[in-house]
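**Student:** Here's a sequence, model it:
(chains A and B)
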Number of protein chains: 2
Amino acid sequence: MFKINDNYLKLPGSYLFSTIGKKVKEFTTNNPDKEIIRLGIGDVTLPLAPVVIDALHGAVDEMADAATFKGYAPDLGYEFLRQAIADNDYKARGAEIAIDEIFISDGAKSDSGNIGDIFAQDNKIAVCDPVYPVYVDTNAMSGRTGEYLVDSQKWSNVIYMPCTAATNFAPELPQETPDIIYLCFPNNPTGSTINKDELQKWVDYALKVGAVIIYDAAYEAYISEDDVPHTIYECEGAKACAIEIRSFSKNAGFTGTRLGFTVVPKELKCGDVELNKLWARRHGTKFNGAPYIIQKAGAAIYTEEGKKQTKEMVAYYMENAKTIREGLAAAGYTVSGGVNAPYIWLKTPDNMTSWEFFDHLLNTANVVGTPGSGFGPSGEGYFRLTAFGTHENTKRAIDRIKSL
Amino acid sequence: MFKINDNYLKLPGSYLFSTIGKKVKEFTTNNPDKEIIRLGIGDVTLPLAPVVIDALHGAVDEMADAATFKGYAPDLGYEFLRQAIADNDYKARGAEIAIDEIFISDGAKSDSGNIGDIFAQDNKIAVCDPVYPVYVDTNAMSGRTGEYLVDSQKWSNVIYMPCTAATNFAPELPQETPDIIYLCFPNNPTGSTINKDELQKWVDYALKVGAVIIYDAAYEAYISEDDVPHTIYECEGAKACAIEIRSFSKNAGFTGTRLGFTVVPKELKCGDVELNKLWARRHGTKFNGAPYIIQKAGAAIYTEEGKKQTKEMVAYYMENAKTIREGLAAAGYTVSGGVNAPYIWLKTPDNMTSWEFFDHLLNTANVVGTPGSGFGPSGEGYFRLTAFGTHENTKRAIDRIKSL
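**Tutor:** Numbering: from 1, shown residues only, chains lettered A, B, ... in the order given. Here you go, the predicted model:
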């Protein structure tokens, strides 16, 4: 008789966004005259940039002609895209990344989850708390996290690094030594960042204890301050200890277009074994490439015009971030994030729990956000708003909150 | 210190297509005047159908307008596509599959590999020999296959089901009871099929011994004979024991466009646990959907015009299959496949090994095929030719072989 992977049965329900959905649905059913404004989910709203649209149409036309038709893509992705990434995302930042250290994928979420495949089950992970749930859930699925403890809302075999007001919403080096450290800067959900000197401390620590850092830089395009690193490879020694995961979702609005990449430097080794070779094998065996037309679309954002247009998109969302941050601060809320990230993290007022504030905001201002406790126990008492709406809706939402 | 998944180190090199590539490169370097014809790899050559091109352009235009822009897709895939699949691929064949039993993906290769995630490590797999390498390699990566035995070219903990001339290139029920059975019909690499009664025996067997069947039907569109089932769900009881994996690569030429789907019926259970729920959790956690524009392209092939155009593409390739099959038979070769599949499987002449015949064909006819031994030890003494070339090149290749 076949047996299932019963680690899946240990997972607590994926309640966060479904619970939000249910609550919003119930509210709209009972209040059909009220107009909801959603600042909850991290999905973009602006259409794809003109340069991307042109590239897509052009690539579709190539697929219509036998002379230019493209079948299976190269395992690692097309060189035109990997070269553009190496030049613009790395060389321009002072980091030398070879094109065969770059693996094109269908997005950062897939890579965040799949990267665990190349590591033994017997590794102890460290994660920020609060955290993007995919890191923990995918490790739980592979049996790496022990048991889920309902009371503490934690897994028994995971090192949690609290990111609270006391730590400026960034993690501190853990007491217990981890094998795999997940870091995400600019951070989802708190919007926090650390500067280059602080990130260098993590790299030095990983090198010292023999840990690997999985560095999620999906929000890199939102960095506005000079001393915040855009890639972990700006730090010395990072190529020997860090894997970096990047996305086209938030800088170019590809949430529904799907493109990302992961960098696995050849210097990153376990004994004699290059992790680059393991990931290449995984990529070549369990994945068959991102679509050619999408890879062409991704390359378009690295042209001069593409850079200009994506910068404008990011600026549009960051204008929203400013509206939210400043508006809430003026209304007396304690806010952070929103300077180098599209996420604003706010302290719930009057000692409300995250969910109490969710209900309060939904019922009184008809605004939907995300309860901080949904991202981990240290998110309790916090709330996330996102900058991905329209200017108009964002302003109206903040005006409503201010007038409460 | 972090530890790697050392199951990866047990994998023998992925030598097949790289060795072919090296040999071809060496030949062309030494013989710059010779023109090579490639009938080796299973990649398509015809451009995408007009109806697909139109759908792609239309969807790209939607992505250019905020009013019709699409962000994150629904977890399982867009309903318009899942409904078209349920109606056309299943209901029309007498199989009732609900749309929440269909999971849209980026292709059959990803799904073939990733499906292993929802099963315990402690399952014994059975595979055809010869076989599409992804089934075995991905199970090896997850530690399910024991040790690789160089002498026999087999894994110690895998049940191999020989598919040879003696079995009409189809597997027989194994002596040892497996937990997970991989079946692929029409078969890659041999092009063989079994009829509905024969497939029903596999379903009955799986139900009896408590095995699950992973049924790869990527080549379903090439079936020309009436008694060959298009889906395993034509068999009674299959919904309680089988997962079916499908592709848009070969019926619609999507090898570089990337789209597939997997059916996990709710009746398929381990104890009380529905595998559908496990796969839904995996899909929602480690994948973020196929691109909207690609899902629209996929839906286009289910329109009346789309069905007509994809049928014409398949017919074009099957004309090649006929050219190869009949041409080789006339030249005295023993051939099979090519009737319900784009693959022709031929016995190497004069007791040549698969690689000896590869070299012979390359050197004398300048034609590239795939050595049968590359797909498993029972493929030794056989050779695969594919029907995915142009009519002209296919005819020229066969004329060259005939004149040897």
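**Student:** Would you mind checking which helix or strand in chain A has the lowest mean pLDDT?
**Tutor:** helix A:15-30 (a mean of 90; mean pLDDT, DSSP states H and E).
**Student:** Report whether it contacts chain B.
**Tutor:** No. Between helix A:15-30 and chain B, judged by CB under 8 Å from any CB of the partner chain, nothing touches; the nearest distance is 10.0 Å. C-beta: built from backbone N, CA, C; applies to glycine.
**Student:** by contact count, what packs against that helix?
**Tutor:** helix A:354-365, strand A:370-371 (3 or more CB pairs under 8 Å, 6 or more residues apart in numbering or on different chains; DSSP states H and E).
**Student:** Tell me if the helix or strand following the shortest one is near chain B.
**Tutor:** Once the chain leaves strand A:370-371, the next helix or strand it forms, by DSSP states H and E, is strand A:382-386. No. Remark: strand A:382-386 sits outside contact range of chain B, by CB under 8 Å from any CB, the gap being at least 11.9 Å.
**Student:** who are the neighbours of strand A:382-386, in terms of helices and strands?
**Tutor:** Partner elements for strand A:382-386 (3+ CB pairs under 8 Å, 6+ apart): strand A:343-347, helix A:354-365, strand A:370-371.
**Student:** Would you give the sheet partners of the helix or strand that comes right after the least confident helix or strand of chain A, along with the direction of each?
**Tutor:** Next in sequence after helix A:15-30, counting helices and strands by DSSP H and E, comes strand A:37-38. Strand A:37-38 pairs in its sheet with strand A:367-368 (parallel), by DSSP bridges.
**Student:** ok, A:Gly372 - how many residues close by?
**Tutor:** 27 (other CB atoms under 10 Å in any protein chain shown).
**Student:** how near is A:Asn68 to B:Asp61?
**Tutor:** One thing to correct before we go on: residue A:68 is Thr, not Asn. Note on A:Thr68: its distance to B:Asp61, by CB to CB, to the nearest Å, is 21 Å.
**Student:** picking up where we left off before, among the helices and strands packed on strand A:382-386, which comes closest to chain B?
**Tutor:** strand A:370-371 (14.5 Å; CB to the nearest CB).
**Student:** what comes into contact with the closest one?
**Tutor:** A:16, A:20, A:40-41, A:189, A:353-355, A:357-358, A:379, A:383-386 (CB atoms under 8 Å, 6 or more residues apart in numbering or on different chains).
**Student:** Recalculate using a threshold of 7 Å.
**Tutor:** Here strand A:370-371 makes contact (CB atoms under 7 Å, 6 or more residues apart in numbering or on different chains) with A:Ile20, A:Gly40, A:Pro189, A:Ser354, A:Trp355, A:Phe358, A:Phe383, A:Arg384.
**Student:** which of the residues you listed lies closest to A:Gly327?
**Tutor:** Proximity of the contacts of strand A:370-371 to A:Gly327 (CB to CB) peaks at A:Phe383, which lies at 14.2 Å.
**Student:** residues touching that closest one, list them.
**Tutor:** By CB under 7 Å, 6+ apart, the neighbours of A:Phe383 are A:Leu346, A:Thr348, A:Ser354, A:Phe357, A:Gly369, A:Pro371, A:Gly372.
**Student:** Neighbours of the residue lying closest to the third one once chain neighbours are set aside, how many?
**Tutor:** Meaning A:Ser354. Setting aside the residues directly before and after it, A:Ser354 is nearest to A:Pro371 in space (CB to CB, 6 or more residues apart in numbering or on different chains), at 3.4 Å. Using other CB under 10 Å, A:Pro371 has 25 neighbouring residues.
**Student:** try A:Asp197
**Tutor:** Neighbours of A:Asp197 (other CB under 10 Å): 10.
**Student:** follow-up on the earlier one: what about the residue nearest to A:Ser354, distance to A:Gly379?
**Tutor:** Distance of A:Pro371 to A:Gly379, given as CB to CB: 8 Å.
**Student:** Relative to chain B, which residue of the stretch 251-400 of chain A is the closest?
**Tutor:** A:Lys286 (3.4 Å).
**Student:** Could you check the pLDDT of the closest residue to that residue other than its chain neighbours?
**Tutor:** Spatially, and ignoring its direct neighbours in sequence, A:Lys286 is nearest to B:Gly113 (3.4 Å; CB to CB, 6+ apart). Note on B:Gly113: pLDDT of 97.
**Student:** before we move on, back to that, the contacts of strand A:370-371: which two are farthest apart?
**Tutor:** A:Pro189 and A:Trp355 (15.0 Å).
**Student:** circling back to that earlier point, closest to A:Ala290 among the contacts of A:Phe383?
**Tutor:** A:Gly369 (32.0 Å).
**Student:** pretty sure the closest one contacts A:Gly42?
**Tutor:** No. Counting by CB atoms under 7 Å, A:Gly369 stays clear of A:Gly42, with 11.5 Å between them.
**Student:** And the two? Which one has more around it.
**Tutor:** A:Gly369 (26 against 21).
**Student:** Quick one: residues contacting the residue nearest to that one when sequence neighbours are not counted.
**Tutor:** Nearest residue to A:Gly369, sequence neighbours excluded (CB to CB, 6+ apart): A:Leu385, at 4.8 Å. With contacts defined as CB under 7 Å, 6+ apart, A:Leu385 is in contact with A:Leu39, A:Ile324, A:Ile344, A:Leu346, A:Gly369.
**Student:** related to what we said a few turns ago, shared neighbours, A:Pro371 and A:Gly379?
**Tutor:** By CB under 7 Å, 6+ apart, the residues touching both A:Pro371 and A:Gly379 are A:Ser354.
**Student:** where are the low-confidence patches of chain A?
**Tutor:** Within chain A, the stretches with pLDDT under 70 are A:15.
**Student:** Pop the domain breakdown of it in here.
**Tutor:** Annotated domains of chain A cover A:12-47+A:305-402, A:52-303 [automatic domain parsing].
**Student:** A:Pro189 and A:Trp355: which has the busier surroundings?
**Tutor:** More crowded of A:Pro189 and A:Trp355, by other CB under 10 Å: A:Pro189, with 29 against 18.
**Student:** so the top helix by length along chain A versus strand A:382-386, what angle?
**Tutor:** Of all segments of type helix in chain A, defined using DSSP state H, the longest is helix A:304-330. Helix A:304-330 and strand A:382-386 meet at an angle of 140 degrees, taking axes from the mean of the first three to the mean of the last three CA atoms, to 10 degrees as the criterion.
**Student:** near chain B at all, helix A:304-330?
**Tutor:** No. Helix A:304-330 lies out of reach of chain B by CB under 7 Å from any CB of the partner chain, never closer than 11.2 Å.
**Student:** Skip ahead from that helix and say which helix or strand is next.
**Tutor:** Assignment by DSSP H and E places the next element after helix A:304-330 at strand A:335-337.
**Student:** so what strands line up beside that next one?
**Tutor:** strand A:343-347 (antiparallel).
**Student:** so is A:Ala55 in a helix, a strand, or just coil?
**Tutor:** helix (DSSP: H, G, I helix; E, B strand; the rest coil).
**Student:** Spit out the contact partners of it.
**Tutor:** A:Lys296, A:Ala297, A:Ala299, A:Ala300.
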